[in-house]
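A.B. asks: With the sequence up front, the predicted model follows.
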Number of protein chains: 2
Amino acid sequence: MNIGEASDRAGLPAKTIRYYEDIGLITPARTDSGYRDFSDTDLHRLIFLGRARGLGFTIEECRALLQLYDDKSRASADVKRIAQQHLVQIGEKIAELEAMRATLSDLVDACHGDHRPDCPILTGLSRS
Amino acid sequence: MNIGEASDRAGLPAKTIRYYEDIGLITPARTDSGYRDFSDTDLHRLIFLGRARGLGFTIEECRALLQLYDDKSRASADVKRIAQQHLVQIGEKIAELEAMRATLSDLVDACHGDHRPDCPILTGLSRS
DNA sequence: GGTTGACGTTCCAGTCACTGGAACCCCTAT
DNA sequence: ATAGGGGTTCCAGTGACTGGAACGTCAACC
């Protein structure tokens, strides 16, 4: 199949697929005229990439996961370790955002939000 | 004060401060020899920027907030609106990360994590 | 067989918010 | 005079794409 169909079926923009080839995550075949020709295996890798990226894995983590995916003798523990590290990172990010939300929420609550120029949000942001 | 002291007192890398000048968020004076010369007002703006960025406001949001900060006749409602929009965005991001965490957590739980090659995480990522 | 239009190709530049590094200048102390 | 620790500019790179230009290919229709 060519890139349009692969794009539809994997749910990834064609641009992104070309980019993934550029950085060596996939290596689709080529037709005589130079069109990319995606096999089912290529498609599966693209779907895999879409999911893993959707779960917030970085490209390099995806590369590592794909290597494990290809490696028939991998230990599932290797995969689990990567996934668990990533879970920790997600947790940290959530905590960070929740701290932001709490701080900003306090500032917003303190702001009367009318036409007067006095604003606790700006004061809160600038106090040293 | 020159950039090193401003950097220390604002808690921002000198590189970042130069960048902020580049994109017009601050315009410190210059000495005869070309060194940047930060006033207290400049420092306050830097602190303001550091806080706002720390709360996840984008540079353009910071620019808008700084304009409101400078505008003696602003309405606090304008500031509140920006902050509330940002709160919504933070909430969305948290929800997204929590969905990721749930999915990935399920996959990790399903993985026995031993030396065997069979791995539910990889299977889960590739199933279409 | 010619034309149209959708699809494909490559390559370059831009995004966002910095960050690193090179090459150079200035200031103070010894 | 020199050494060092500042400062300066400018260019390039990050991550993960995305937009656009300029061009090639394919299938369908007349």
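C.D. replies: Received the coordinates, thanks.
A.B. asks: So which bits of chain A are right by DNA strand D?
C.D. replies: Residues of chain A found near DNA strand D (Cβ under 7 Å from any atom of the strand) are A:13, A:15-16, A:18-19, A:31-35, A:53, A:58-60. In short, each C-beta sits where N, CA and C put it, glycine included.
A.B. asks: near DNA strand C, anything from the helix or strand where residue A:104 lies?
C.D. replies: Taking DSSP states H and E as the definition, one finds residue A:104 inside helix A:76-110. No. Applying Cβ under 7 Å from any atom of the strand, one finds helix A:76-110 separated from DNA strand C by no less than 13.9 Å.
A.B. asks: Which strands and helices lie in contact with that helix?
C.D. replies: Contact analysis of helix A:76-110 by 3 or more Cβ pairs under 8 Å, 6 or more residues apart in numbering or on different chains; DSSP states H and E lists helix A:59-70, helix A:120-126, helix B:76-110, helix B:120-126 as its packing neighbours.
A.B. asks: any idea which of the residues of chain A next to DNA strand D is closest to residue A:120?
C.D. replies: Taking Cβ to Cβ as the measure, residue A:120 lies nearest residue A:58 of these, at 38.3 Å.
A.B. asks: Next one: residue A:51 from DNA strand C, what distance?
C.D. replies: As for residue A:51, its distance to DNA strand C is 22 Å (criterion: Cβ to the nearest atom of the strand, to the nearest Å).
A.B. asks: closest to residue A:26 out of the helices and strands packed on helix A:76-110?
C.D. replies: Taking Cβ to Cβ, helix A:59-70 is the member of the helices and strands packed on helix A:76-110 nearest to residue A:26, at 8.8 Å.
A.B. asks: packing partners for that closest one?
C.D. replies: helix A:40-54, helix A:76-110, helix B:120-126.
A.B. asks: Now with 6 Å, please.
C.D. replies: Using 3 or more Cβ pairs under 6 Å, 6 or more residues apart in numbering or on different chains; DSSP states H and E as the contact test, the elements touching helix A:59-70 are helix A:40-54.
A.B. asks: I'd like to know which residues of chain A are adjacent to DNA strand C.
C.D. replies: With Cβ under 7 Å from any atom of the strand as the criterion, chain A meets DNA strand C at residues A:2, A:3, A:4, A:5, A:7, A:14, A:18, A:34, A:35, A:36.
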